[in-house]
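Chemist: Mind folding the following:
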Amino acid sequence: MKILGFIAAAAIALAGSFAFAQTDLPKLSASDAGKIQFQSANRGTGIDILYKGKAKYDETIVGDLFLPSGAGKVPAMVVMHGSDGLGDSTSSARSWAALLGQMGIATFLVDSFTPRGISSTGADQSLLTYTTSGIDALKALELLASHPRIDPSRIGVIGFSRGAAAAQQAGFERFRAAVLTGTGLKFAVHVALYGGCTQYGTTTGVPILHLMGDKDSYSSEENCKRVTDLINAKGRSVRLVVYPGGLHGFDRESAKRRYVASYQVWKDCANTTSMDDLTSQIPGNERASISQLIAYRKSCMGTGLDYGGDSTSAYKARDEVKALLAKVFGQ
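Modeler: I've put the predicted structure just below:
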C-alpha cells in the first residue's frame, strides 16, 4: 500500500488531534494501482463545519484502483459503496466496477468503512456523516486527477444508496469548492442509484443521473421528483429515472427480496436543504434551524428496509449509464 502526501507515519498515528495541511496535493505515478491509501475528513464532519472551513482531514481511507490495459490517458469512475460497505463480489459497487472496467474505464473502488473500523451504517447512519462520505468522493477525485494515465477532465462518480448520496452531494458547487479549494477540479458526471432526496442547490453544471425504483422503501419517488425540480429550476442538468416495481437495490445480481428490520429509513420525511446557504425547510417551517431539522428527522425516521434485485430494471439501468458515459467520455 502507498500512503500519499507528505504526512509521516508517526503523524498518522496521532491523526485525531489536528487537521492535515492541504497545501501539498497527492501525486500518483504511472505504476500506481491496486490498494492506495489517502487522507479524508473526520467521520463526524458536519456540513456547517465544512462550510466554515473547519473540517479536519485526519482520517486515512483506502481505494482499489483498476486500470484498463493499453497506453494513453483513460477516463475513470470513482465508485462509492452503500451502507453495507463493499461486501462480496456480488455487491452493487463491485459488480458495477467490473462492468465499467469492461468498458475501458479505470475504476477507483473507495472503502470508506473498513479503515474507520465500521462494518455497516444501516442501523445507525450517525457512525459516519453523509458529509464525510461526500468528502471521501471528492478527495478520491483529487487523488485520481494526479495519475499520469487518467484524464482529469474525464473522471466521474457512481454511488449506491449512501454512496449515491455522496455522488449527489459532490455535485453541488459550494460543497465541491469547500473540499477542493483552489483546485478547479470537478467530476465530469455523477450517477446515483437509489440515493437521498433532500438536498438541492447550484450544481457544477455537469450531467447528474439519479436512478431509483418506485417501490423504494428508503426514499419516496415524490420527494425525489420535488428535489430534482428544485435543482433543475436553476437550469442544471439533473435527470431522474424511476423504474416501475423497483426496490432499493434493484440493480443487484440477486433477485432475492430481503427485509432488514433494524435499518433506518426516511421515506416519510419531507425536508429539504439548500446546499447554497444551508437553509432547511420542514413541514410548517421554511427556515428551520439545524437543531429543528435534526429533531424533525428523528421524528419522521422509520425502520425497516426492503431491498432486492430486479433483472429488467437492472438491465435498463446499465444501458442508461452506458449511454451517458459514452456521451460524456466520448467512447
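
Chemist: ok, which stretches of the stretch 51-200 of the chain are helices?
Modeler: Along the stretch 51-200 of the chain, counting by DSSP state H, counting those that start in this stretch, helices occupy 92-102, 130-144, 162-169, 173-179.

Chemist: who wins for proximity to residue 155 among those?
Modeler: Set against residue 155 and scored by C-beta to C-beta, those come closest in helix 130-144, at 5.5 Å. Every C-beta, even on glycine, is put in place using the N, C-alpha and C of the backbone.

Chemist: where does this structure have its least confident helix or strand?
Modeler: helix 9-13 (a mean of 30; mean pLDDT, DSSP states H and E).

Chemist: who does the next helix or strand after that one pair up with?
Modeler: Using DSSP states H and E, the helix or strand that directly follows helix 9-13 along the chain is strand 34-40. Strands that pair with strand 34-40, judged by DSSP bridges, come out as strand 2-3 (parallel), strand 59-66 (antiparallel).

Chemist: Quick check: which of those strands is buried the most?
Modeler: Burial of those is given as mean neighbour count (mean count of other C-beta atoms under 10 Å); strand 59-66 ranks first at a mean of 20.

Chemist: Show me the contact partners of that strand.
Modeler: For strand 59-66, the surrounding residues in contact (C-beta atoms under 8 Å, 6 or more residues apart in numbering) are 1, 3, 12, 15, 32-43, 78, 97, 101, 106-112, 114-116, 136, 140, 143-144, 147.

Chemist: Any quick PyMOL command for the buried ones out of those residues?
Modeler: In PyMOL, this line selects whichever of these come out buried by 16 or more other C-beta atoms under 10 Å:
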select buried, resi 12+15+32+33+36+37+38+39+40+41+42+43+78+97+106+107+108+109+110+111+112+116+136+140+143+144+147
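
Chemist: closest one to residue 48 among the strands paired with strand 34-40?
Modeler: Comparing the strands paired with strand 34-40 by C-beta to C-beta, strand 59-66 comes nearest, at 18.9 Å.

Chemist: what's the angle between that closest one and helix 130-144?
Modeler: Using axes from the mean of the first three to the mean of the last three C-alpha atoms, to 10 degrees, the inter-axis angle of strand 59-66 relative to helix 130-144 is 50 degrees.

Chemist: between the strands paired with strand 34-40, which gets nearest to residue 302?
Modeler: Taking the strands paired with strand 34-40 one by one with C-beta to C-beta, strand 59-66 is closest: 29.8 Å.

Chemist: relative to helix 92-102, how tilted is that closest one?
Modeler: 40 degrees.

Chemist: Keeping just the C-alphas, turn strand 59-66 into CSV.
Modeler: Extracted C-alpha coordinates of strand 59-66, given in CSV (Å, rounded to 0.1, in the frame of the first residue of the first chain):
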residue,chain,number,x,y,z
GLU,A,59,-8.5,10.0,8.8
THR,A,60,-7.0,7.6,6.3
ILE,A,61,-9.2,5.6,3.9
VAL,A,62,-8.4,3.3,1.0
GLY,A,63,-9.5,2.6,-2.5
ASP,A,64,-8.7,-0.1,-5.1
LEU,A,65,-7.6,1.3,-8.4
PHE,A,66,-8.1,-0.8,-11.5
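
Chemist: picking up where we left off before, export the strands paired with strand 34-40 as TSV, with columns for distance to residue 158 and mean pLDDT.
Modeler: Below are those laid out as TSV (distance: least, C-beta to C-beta, whole Å; pLDDT from 0 to 100):
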stretch	distance to residue 158	mean pLDDT
strand 2-3	24	38
strand 59-66	13	98
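
Chemist: any chance of those strands in JSON lines, with distance to residue 289 too?
Modeler: Converted to JSON lines, the strands paired with strand 34-40 look like this (distance: least, C-beta to C-beta, whole Å):
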{"stretch": "strand 2-3", "distance to residue 289": "40"}
{"stretch": "strand 59-66", "distance to residue 289": "28"}
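
Chemist: what's the closest of these to residue 129?
Modeler: strand 59-66 (11.8 Å).

Chemist: So for residue 313, which of the strands paired with strand 34-40 sits nearest?
Modeler: Comparing those by C-beta to C-beta, strand 59-66 comes nearest, at 26.0 Å.

Chemist: Report the buried residues of the longest helix along the chain.
Modeler: Criterion DSSP state H: the longest helix present in the chain is helix 311-329. Of the residues in helix 311-329, 313, 314, 316, 317, 320, 321, 324, 325, 328, 329 count as buried by neighbour count, 16+ other C-beta under 10 Å.
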